[in-house]
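S.K.: fold the following and give me the result.
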Amino acid sequence: MADKYGTNGPDVIVGTADDDLLSGGPQGGDPALETGDDQISGLGGNDTIFGYDGNDTLSGGTGYDTLYGGEGKDTLDVGADGGQAYGEAGDDTLIGGDGYEVLDGGIGNDSLDTGSGGGQASGGEGDDQLTGGDGDDYLSGGGGNDTINAGAGNDTLVDDDGVGSTGNDVLNGGTGDDTIYSYGGADTIDGGEGNDTAYIDRSTSVVGMTVVMTDTATPTAIGDGTTFVNIENLYFTGGSGDDTITALGGNDSLSGGAGDDTLNGGDGSDYLYGGDGNDTLSGGTGYDTLYGGEGKDTLDVGADGGQAYGEAGDDTLIGGDGYEVLDGGIGNDSLDTGSGGGQASGGEGDDQLTGGDGDDYLSGGGGNDTINAGAGNDTLVDDDGVGSTGNDVLNGGTGDDTIYSYGGADTIDGGEGNDTAYIDRSTSVVGMTVVMTDTATPTAIGDGTTFVNIENLYFTGGSGDDTITALGGNDSLSGGDGDDVLSAGGGNNYIDGSDGSDTAVLSGMLSDYTVANVTTNAVTLVDQRAASIGQTTYAQNVEFFNFADGMRSLDSVIHSPTSLDLSASSVAENSDAGTVVGTLSATDPDSGDTFTYSIVDDAGGLFAVAADQLVVNGPLDFETASSHQVTLRVTDSQGNQYNKVFTIAVTDVNDTQNQPPTDISLSANSVDENSPAGTVVGTLSATDPDSDESFTYTLLDDAGGQFAISGNDLVVNGPIDYEGGAAREVTVRVTDSQNHTFDKSLTINVGNINDNAPVFSSGTTANFAENGTGVAYD
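M.R.: Sure thing, here's the model as predicted:
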């Protein structure tokens, strides 16, 4: 590394291949006195170069270099590998290369070129020329009237330093997908080739602007001298004037700001925000999102569906052929989902909601709302929850509609189709009388609410004594607290008496119904009459049933079990505790009832019940008693009981079973010495009190490895020599099938055999006649 310093006059300084510090002035000198026109070259390495005053030429060379021009008209070339260049004061020229550069012109009319590698360039104060290369550049003109030519790449162009700036800039995106920001002044914007986006912010303007795009190739004026062309996506923000903004086919974002604005998104998925004032927003085609802001706004999401939020003010929200989500917000709003179906919420205020041909979800929210659902299978909700107070009009129209009324004096008309009303008055402290005579006649519920053309009624009462009478649909009646009388009529119905002394009313006699699916405090009655056969009424928390032939309590409707059975009634003596004797089952006229089993007489603790099984609980001995009597009980879900006595037979078993072996025998107990391995000495057998036992044999002592067991045979396993002893001791263990064992020592006799050849005791000479016979003595 080398540090090189110049003089106060013109210098020529050349660095080294290392990281150098190169200065056009003397070390420790006053930069203001250094006025020479210096030529400084860094060559290699990551160099730092200071030009100071004067018209300097600085070249970084290779490596990542940092250049400071100082005062004067300087030329700064960062070199091929990228770096940083700061022109500071004066009309400077900053040149990038193949690497990534950070260029800052500073004060003066500067020229900045990022080169081919891409980079950041800021013109600073003055009328600057900024040029991008093939890379993705960020080019900011700064103050003054700047010209930016971004060239190739996906570039970002910024005219000035922020919203409200006044420079008249030329912003050319070139090729690539560019993003251009215009914050003020009379700018000339050309996106060039590619899919380009312009952010034009005139939020500080007090003058209304008219921006109408006809096509991307035709320049569009915005009214303050700014024009733009070749812009596919427009992000426009207006000020406090009355703006008219019309975009084309891109994904646009238009914000009107204050004032009475007209925003048209055109094609594409657009975002429109009206801001303050009475605005008109039209999404056009594509899935659009619209926000009205303050004021009396009109929001039309367009043909393809979208979202519209009126926010504050009396707004009009309009859907189209697609699926919409509409929210009126605060104010007296009008919402129409159009033909495609959707969701609409009126919010606070007295709102008008209209559905179309689709299946709509329409919620009035707070206030006195009117909902006309139209065609389709629609859902209508009066207010925000149980206990609400709005007086709403809910018209289902055609289709099978579902209508929710949570409070207030509502007027409900299901219209055509098979309609269902959920009327919840669970917060009411006053008893209600609701008696339906036919679906075409309005029925009042006592709090100002009426309903008509409702085929299925789901009613929930409060803490008063309610009388609810439905017709032939599939109804659900919940009495809440109080002593309620609930009549569901025909159909498949649900009745919940809840707290209090409640009565369920049925049109038939008790004998017309069978009982099914009995649970605690609940029963299902199945109609057996020809005209309504199979229809069910599920009743829970109901104390009384009023049939056509009289009143019945719940206990008299539900039958007791009629029999109790045990799948088996014998068990072997000496069985372990927990051994299952048999499985219990019960018969009850009420199908689907559930049962619990218990033991009343356990034969002195010998037996017990575990779930639905009778099990052994104590010692059983056939010789003491060959049978025992037990009394068992079944209890159904309503507490009805049935007892039955069973005789449990105890079967005899061999009491000597499971005894250990008592002896071991060996069929032969001698073997000759020198017998080869595997020679069978004898066959082992065992004595056991248990009949039909099986045995295995093992050697605990094998006489030093001389014997082994193969199957049931004792065999030779190693060399045996009589001269080493005339007998051997082995210890055998027998194990039966119950893992009982018996050990015994056995003596094995070793037989002596002639295993030595004859020898002469002294030298001898003998003569034999030819063919004679000799005799030898041992």
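
S.K.: now the helices for the stretch 1-150 of the chain?
M.R.: Using DSSP state H, counting those that start in this stretch, no helices are found in the stretch 1-150 of the chain.

S.K.: where does it have low pLDDT?
M.R.: For the stretch 1-150 of the chain, applying pLDDT under 70 flags the ranges 1.

S.K.: equivalent analysis for the chain, please.
M.R.: Across the chain, residues meeting the criterion (pLDDT under 70) sit at 1, 161, 654-657, 755-778.

S.K.: can you give the domain ranges for it?
M.R.: Domain assignment for the chain by automatic domain parsing gives 418-556, 563-651, 663-751.

S.K.: now do the same end-to-end measure for the second one.
M.R.: Domain 563-651 stretches 27 Å from its first residue to its last (C-alpha to C-alpha, to the nearest Å).

S.K.: any idea how far that domain is from the chain center?
M.R.: Distance of domain 563-651 from its chain centroid, counting by C-alpha atoms, centre = their mean, to the nearest Å, is 49 Å.

S.K.: same question, the last one
M.R.: In terms of C-alpha atoms, centre = their mean, the centre of domain 663-751 is set 71 Å apart from its chain centre.

S.K.: likewise for the longest one?
M.R.: For domain 418-556, the distance between its averaged C-alpha position and the chain's averaged C-alpha position is 39 Å (C-alpha atoms, centre = their mean).

S.K.: what's the span of that domain from first residue to last?
M.R.: Distance between the two ends of domain 418-556: 36 Å, counting by C-alpha to C-alpha.

S.K.: and what of the last one?
M.R.: Distance between the two ends of domain 663-751: 26 Å, counting by C-alpha to C-alpha.

S.K.: okay, the domains of the chain, which one's buried deepest?
M.R.: Each of the domains of the chain was scored by mean neighbour count; the highest is domain 418-556, a mean of 19, by mean count of other C-beta atoms under 10 Å. In this view, the C-beta of every residue, glycine as well, is placed from N, C-alpha and C.

S.K.: now distance to S363 too, for the domains of the chain, in CSV please.
M.R.: Putting these into CSV (distance: least, C-beta to C-beta, whole Å) gives the following:
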stretch, distance to S363
domain 418-556, 13
domain 563-651, 40
domain 663-751, 76
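
S.K.: would you put the C-alpha positions of stretch 324-338 in PDB?
M.R.: Output of stretch 324-338 as PDB, limited to C-alpha atoms (Å, rounded to 0.1, in the frame of the first residue of the first chain):
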ATOM      1  CA  GLU A 324     -68.000  -9.200  -5.400                       C
ATOM      2  CA  VAL A 325     -67.200  -8.300  -1.800                       C
ATOM      3  CA  LEU A 326     -69.000  -5.100  -1.000                       C
ATOM      4  CA  ASP A 327     -68.800  -3.200   2.400                       C
ATOM      5  CA  GLY A 328     -70.700   0.000   2.800                       C
ATOM      6  CA  GLY A 329     -69.000   1.200   5.900                       C
ATOM      7  CA  ILE A 330     -70.400   4.100   7.900                       C
ATOM      8  CA  GLY A 331     -73.400   5.900   6.300                       C
ATOM      9  CA  ASN A 332     -76.600   5.100   4.600                       C
ATOM     10  CA  ASP A 333     -75.300   3.100   1.700                       C
ATOM     11  CA  SER A 334     -76.800   1.300  -1.400                       C
ATOM     12  CA  LEU A 335     -75.100  -2.000  -2.300                       C
ATOM     13  CA  ASP A 336     -75.900  -4.200  -5.400                       C
ATOM     14  CA  THR A 337     -74.000  -7.400  -5.900                       C
ATOM     15  CA  GLY A 338     -75.000  -7.600  -9.600                       C
END
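
S.K.: which residues sit against stretch 645-658?
M.R.: Outside stretch 645-658, the residues that touch it by C-beta atoms under 8 Å, 6 or more residues apart in numbering are 566, 569-574, 581, 601, 603, 607, 614, 620-623, 625-632, 689-691, 738, 740.

S.K.: quick one: the helices in the stretch 601-750 of the chain, in order.
M.R.: Along the stretch 601-750 of the chain, no segments are classed as helices by DSSP H, counting those that start in this stretch.

S.K.: list the contacts of D663.
M.R.: So D663 contacts A686, T687, F742, K744 (C-beta under 8 Å, 6+ apart).

S.K.: touching, the last one and E729? I think so.
M.R.: Right, the one you point to is K744. No: look at K744 against E729 with C-beta atoms under 8 Å: they stay out of range, at 11.1 Å.

S.K.: closest to D104 out of the domains of the chain?
M.R.: Closest approach to D104 among the domains of the chain (C-beta to C-beta): domain 418-556, 68.1 Å.

S.K.: wait, A444 touches T437, no?
M.R.: No: assessed by C-beta under 8 Å, A444 is found out of contact with T437, at 11.3 Å.

S.K.: hang on, the earlier thing: just put the contacts of D663 in TSV and tack on distance to G399.
M.R.: What follows is these, written out as TSV (distance: C-beta to C-beta, whole Å):
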residue	distance to G399
A686	89
T687	92
F742	89
K744	95
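
S.K.: pick the one among the residues you listed closest to T289.
M.R.: Proximity of the contacts of D663 to T289 (C-beta to C-beta) peaks at F742, which lies at 91.6 Å.
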